[in-house]
Structure formats: structure tokens, C-alpha cells
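S.K.: Mind folding the following:
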Amino acid sequence: MADGDDDKDQKTEQPSSKRLEEARKRGLLVGKGGFYGNVVRMSPPLNISKADVDEAARILDESFAALKK
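M.R.: Next comes the predicted model:
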């Protein structure tokens with residue numbers, strides 16, 4: 001996932017967690033990781049269904065799109 005400059009906290013210059021907060025509002029629990037905190041981390045069960053993967057992708061898409069408005 002690429003992280004854009006428009007999603008950085010203006011005080012710390014670190015990526016903000018607005019995207020993750022939007023996903024949580026929609027019922028998808030995700031975390032952030034990576035050296036700069038700009039990686040979306042998910043830990044689904046090994047037996048996840050295609051429908052659940054599709055739902056997670058839809059929620060992430062909606063969450064990211066909500067911040068562009």
C-alpha cells in the first residue's frame with residue numbers, strides 16, 4: 001500500500017491513522033506496522049472465506065475513498 005503525503009500528521013510528519021479509524025468505524029479491525037507506521041496489517045484466520053476477503057477489500061476501499069472527499 002502506498003501512503004500519500006496528504007495523510008500525514010502535520011505536527012509529527014508521521015502517517016496518520018485516519019485510514020485505520022475509518023475502517024474500524026465500518027467494522028474491520030486493522031493495525032498499522034512498518035518502520036514508519038505506514039503499513040496496514042491484517043491477521044485473518046487461515047480458513048477465511050472468499051466472501052470475507054471481498055468484504056474486507058470493500059471496507060478498505062470505502063474507508064480510503066471517504067478520506068478523499
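
S.K.: Just the strands from this protein, written as ranges.
M.R.: 31-33, 39-41 (DSSP state E).

S.K.: quick one: contacts for the one residue sitting closest to the centre of the chain?
M.R.: Geometric centre of the chain, nearest residue: Leu20, 4.2 Å, by C-alpha atoms, centre = their mean. Leu20 sits next to Val30, Gly31, Lys32, Val40 when contact means C-beta atoms under 8 Å, 6 or more residues apart in numbering. C-beta coordinates here come from the backbone N, C-alpha and C atoms, glycine included.

S.K.: so can I have TSV of those residues showing distance to Ser49?
M.R.: Shown next, in TSV, are those (distance: C-beta to C-beta, whole Å):
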residue	distance to Ser49
Val30	18
Gly31	22
Lys32	25
Val40	20
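
S.K.: Just give me the closest of those to Lys50.
M.R.: Minimum distance to Lys50 across these is 18.9 Å, recorded for Val30 (C-beta to C-beta).

S.K.: Leu46 versus the residue nearest to the centre of the chain, what's the distance?
M.R.: Distance of Leu20 to Leu46, given as C-beta to C-beta, to the nearest Å: 23 Å.
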